[in-house]
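K.L.:
mind folding the following:
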Amino acid sequence: MKTLKTLALCAVFAPVATIAQAAATEEQLATVRAAIESAGCVITTDDAAAQVESATGYEEETLRAVVDELRVMGEVGDASEEGGIRLLTGGCAE
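P.N.:
Modelled structure (predicted):
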């Protein structure tokens, strides 16, 4: 019975933990902005993506959450119809 109660509590709090994890800090946002700019402002290849991941030191999940937040803020857009992203702010602003 105790196991079921523990599982139920975990299920209730799991979405909250996910939401809390998804919120990027200002430091994370700045780090990713700088890494994308350093990689040439446009990330369309695996090598460029690996360069950003290496420069930030973030795991893929964290990096994705930060990029998603930058996208919501209008700082990142699609690089092309084929995929990739483009930083639209700072030294990458056109």
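
K.L.:
rest of the way, CA atoms for contacts and neighbours
P.N.:
Fine.

K.L.:
lowest-pLDDT helix or strand in the chain?
P.N.:
Every helix and strand of the chain was ranked by mean pLDDT, DSSP states H and E. The lowest is helix 2-22, at a mean of 39.

K.L.:
how about the strands in the chain?
P.N.:
All strands of the chain, identified by DSSP state E, fall at 42-43, 76-78, 85-87.

K.L.:
so what strands line up beside the shortest one?
P.N.:
Okay, so that is strand 42-43. strand 85-87 (antiparallel) (DSSP bridges).

K.L.:
now do the strand it pairs with: everything it contacts.
P.N.:
Identification of contacts with strand 85-87 by CA atoms under 8 Å, 6 or more residues apart in numbering yields 33, 36-37, 41-44, 75-79, 93.

K.L.:
farthest pair in the residues you listed?
P.N.:
44 and 93 (17.3 Å; CA to CA).

K.L.:
who has more neighbours, the two?
P.N.:
residue 44 (16 against 10; other CA atoms under 10 Å).

K.L.:
my guess is that one meets residue 81, correct?
P.N.:
No - at 10.7 Å, residue 44 does not count as touching residue 81 under the criterion of CA atoms under 8 Å.

K.L.:
ok so, going back, what's the ChimeraX line that selects buried ones from the contacts of strand 85-87?
P.N.:
Buried residues among the contacts of strand 85-87 (16 or more other CA atoms under 10 Å), as a ChimeraX selection:
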select :33,36,37,41,42,43,44,75,76,77,78
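
K.L.:
so where is the protein shaky, pLDDT-wise?
P.N.:
Segments of the chain classed as low confidence (criterion: pLDDT under 70) are 1-22.

K.L.:
same thing but 80
P.N.:
1-22, 94 (pLDDT under 80).

K.L.:
sorry, back to before: turn the strands of the chain into a markdown table, including distance to residue 60.
P.N.:
Formatted as a markdown table, these follow (distance: least, CA to CA, whole Å):
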| stretch | distance to residue 60 |
| --- | --- |
| strand 42-43 | 14 |
| strand 76-78 | 17 |
| strand 85-87 | 15 |
